[in-house]
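Engineer: Let me see the structure of the following:
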Amino acid sequence: MSDHLSSTFSALSDPTRRAILARLATGEATVKELARPFSLSAPSITKHLKVLEGAGLISRSRDAQRRPCRLQAAPLQEVADWVERYRQFWEASLGRLDDYLSTLQVKETNKNARKKR
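Structural biologist: Coordinates of the predicted model:
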């Protein structure tokens with residue numbers, strides 16, 4: 001991937017990787033601990049971890065025999081910032097729709113009031 005945002009979205013596109021990130025949000029875990037809830041082979045989990053690591057979403061270290069993984073949230077902030085721009089767009093669009101619907105409602109209320117006279 002040529003940019004961080006694309007590699008982050010690519011890594012987040014898989015539900016297993018999202019579940020791994022959710023688990024790591026509660027604290028560090030070993031590969032074995034991360035693999036436990038999935039019916040995947042160790043090499044499959046390792047491939048998922050490599051994708052997450054390549055996107056900068058996790059880091060792995062060595063502590064004697066233990067190889068803990070940790071969440072690295074900085075790329076998620078970049079995603080949140082990108083999504084925020086579109087949230088503002090949609091809120092503005094919905095605000096305009098709300099204004100339009102209010103105008104229609106006023107017109108309908110006025111029309112009904114004239115019919116009752």
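
Engineer: Report the secondary structure state of Lys50.
Structural biologist: helix (DSSP: H, G, I helix; E, B strand; the rest coil).

Engineer: Might you calculate how far the helix or strand harbouring Lys115 sits from the centre of the chain?
Structural biologist: Secondary structure assignment for Lys115, by DSSP states H and E: helix 74-116. Distance of helix 74-116 from the chain centroid (C-alpha atoms, centre = their mean, to the nearest Å) equals 24 Å.

Engineer: which one is Phe9 nearest to, not counting chain neighbours?
Structural biologist: Spatial nearest neighbour of Phe9, chain neighbours left out: Val79 (7.1 Å); criterion: C-beta to C-beta, 6 or more residues apart in numbering. Just so you know, the C-beta spots here come from the backbone N, C-alpha and C atoms, and that holds for glycine as well.

Engineer: returning to what we had before: quick check: which helices or strands does the helix holding Lys115 pack against?
Structural biologist: Using 3 or more C-beta pairs under 8 Å, 6 or more residues apart in numbering; DSSP states H and E as the contact test, the elements touching helix 74-116 are helix 4-12.

Engineer: can I see the domain layout of this structure?
Structural biologist: Following automatic domain parsing, one finds the domains of the chain at 4-72, 74-117.

Engineer: Least reliable of the ones you listed by average pLDDT, please.
Structural biologist: The minimum mean pLDDT among the domains of the chain belongs to domain 74-117 (a mean of 85).
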